[in-house]
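>>> no sequence on this one, just coordinates:
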């Protein structure tokens with residue numbers, strides 16, 4: 001009976017997360033200049049540190065089990081914050097890429113298409129990662145949920161910088177604080 005209740009609650013939370021992402025994705029943002037201002041750069045080195053399994057193993061060896069669980073939950077909350085910002089940035093980059101798809105230059109249009117594809121994939125991965133992170137908050141010893149988001153964000157950073165250089169070499173798009 002308890003398992004059924006937990007599964008129903010998990011399904012409800014998943015549905016709410018998916019609906020929220022779907023509805024927020026349908027909102028249209030205007031102007032590339034104002035879009036670039038909406039991007040919140042992420043410290044990729046700090047994000048990488050949070051999702052590094054070696055760091056978790058080090059903390060597990062050095063801390064008592066109860067203290068490790070507390071620290072692990074704090075790290076998971078911080079990871080969730082990074083993942084939410086990465087998803088938000090991806091939504092902005094989808095719009096920027098869609099605006100650039102109609103460019104007359106073939107290289108710019110191809111860079112825009114690649115940016116849109118990467119950003120859509122990252123948004124999907126971020127949504128699932130946030131859900132997995134919240135599950136991991138209940139079981140702090142569970143797996144690494146945000147690693148695909150980190151890899152996708154690093155790839156998205158390159159695509160965004162390429163499109164930014166093609167569109168306006170004087171004002172590159174920066175989505176990472178360390179790049």
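Nice, thanks for sending it over. Computed from a prediction, not measured in an experiment: that's the story for all the values here.
>>> Run the chain-centre distance for stretch 97-114.
23 Å (CA atoms, centre = their mean, to the nearest Å).
>>> er, stretch 107-127 I mean
So, by CA atoms, centre = their mean, the centroid of stretch 107-127 is 12 Å from its chain's centroid.
>>> for stretch 123-140, same thing?
For stretch 123-140, the distance to the chain centre is 11 Å (CA atoms, centre = their mean).
>>> Now do that stretch: everything it contacts.
Contact with stretch 123-140 is made by 10, 13-14, 17-18, 21, 25, 68-69, 72-73, 76-77, 79-80, 83-84, 86-87, 90-91, 94, 142-143, 145-146, 148-149, 152, as judged by CB atoms under 8 Å, 6 or more residues apart in numbering. The way it works is simple: take the backbone N, C-alpha and C, and place the C-beta from them, glycine included.
>>> switch to 7 Å and redo it
With contacts defined as CB atoms under 7 Å, 6 or more residues apart in numbering, stretch 123-140 is touched by 14, 17-18, 21, 69, 72-73, 76, 79-80, 83-84, 86-87, 90-91, 142, 145-146, 148-149, 152.
>>> same check, this time on stretch 67-83
Contacts for stretch 67-83 (CB under 7 Å, 6+ apart): 42, 47, 50-51, 56, 59-60, 63, 126, 129-130, 133, 136-137, 140, 146, 149.
>>> swap the cut-off to 6 Å and go again
For stretch 67-83, contacts defined as CB atoms under 6 Å, 6 or more residues apart in numbering pick out 47, 50, 59-60, 126, 129-130, 133, 136-137, 140, 146, 149.
>>> what residue ranges in this protein score low on pLDDT?
19, 21-36, 140-145, 169-175, 177-179 (pLDDT under 70).
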